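A.B. asks: Kindly generate the corresponding structure for this input.
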Amino acid sequence: MDGIEYEPLTLNNMKCSLERYLRSKNYSASLNDRVFHKLNQAIRAKQVDFKGQGKGRKELKSEEISAEEEETMWQAGVLGINNPQSANFTMFFLFGKHFGMRDRNEHRKLKFGDIVTGRDTEGTEYLEFHERCTKTRDGTTTTAREFAPKMFATPGNPKRDPVALYRAYVKQRPQESFEPEFDFYLTPLQRHMIMSDVWFHARPLGKNTE
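C.D. replies: Just a heads-up that it's a prediction; the model follows:
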């Protein structure tokens, strides 16, 4: 509406939205069928044109969560061991924050035995992340971490103590998922299926889970 051309991928996203709408109305053809060949040609030509104009180069950069936004998530119960979904998200959030796990693939490959507990010389408990191979640290270069990242307990604030939250999370796992090579993130049970302290199926969380 402001006269500015779309980004190259936006045209394809619009086409996908139309496709979903037509499918919901039981439309007999797909926008990928030959009858729409000219439409798809036009979209590809436009995408090439926009790319030539320098569009499509926006960085997919994650924005840092502010202290206020984090506090809001704690207050709203998004963070905390309140239900299976919040429990998974809390571990995801804490591991990203303290262990520097940014890539979704790192979380997907995480195994139960990759997180170990320990105590420092003053007796403070911590969790330590034993990293596996990643895209940037595949074991063939010198880019491995110089030390294993740790996440220390904060006993003065038990409801947000990362070690206490981890232990509470572990208590909700089925017994068979305690094997070191078992996937860390598990599929939550539906609410009506939760009959005990176990909140999860003994199977990994789906990779497309939001």
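A.B. asks: Setting aside sequence neighbours, what's the nearest residue to whatever residue is furthest in space from the centre of the chain?
C.D. replies: Distance from the C-alpha centroid of the chain peaks at residue 35, with 38.6 Å (Cα atoms, centre = their mean). By the measure of Cβ to Cβ, 6 or more residues apart in numbering, the closest residue to residue 35 outside its immediate chain neighbours is residue 29, 6.0 Å from it. (Each C-beta comes from the backbone N, C-alpha and C, glycine too.)
A.B. asks: In terms of residue numbering, what are the domains of this protein?
C.D. replies: 8-52, 67-204 (automatic domain parsing).
A.B. asks: Deepest in the core, which of those is it.
C.D. replies: When you average the neighbours per residue for each of those (mean count of other Cβ atoms under 10 Å), domain 67-204 leads with a mean of 14.
A.B. asks: can you give me the mean pLDDT across that one?
C.D. replies: In this model, domain 67-204 has a mean pLDDT of 85.
A.B. asks: can you check stretch 7-24 too?
C.D. replies: Here the average pLDDT along stretch 7-24 is 84.
A.B. asks: contacting residues around that stretch?
C.D. replies: Here stretch 7-24 makes contact (Cβ atoms under 8 Å, 6 or more residues apart in numbering) with 6, 29-32, 39, 43, 46-47, 50-51, 55-56, 58.
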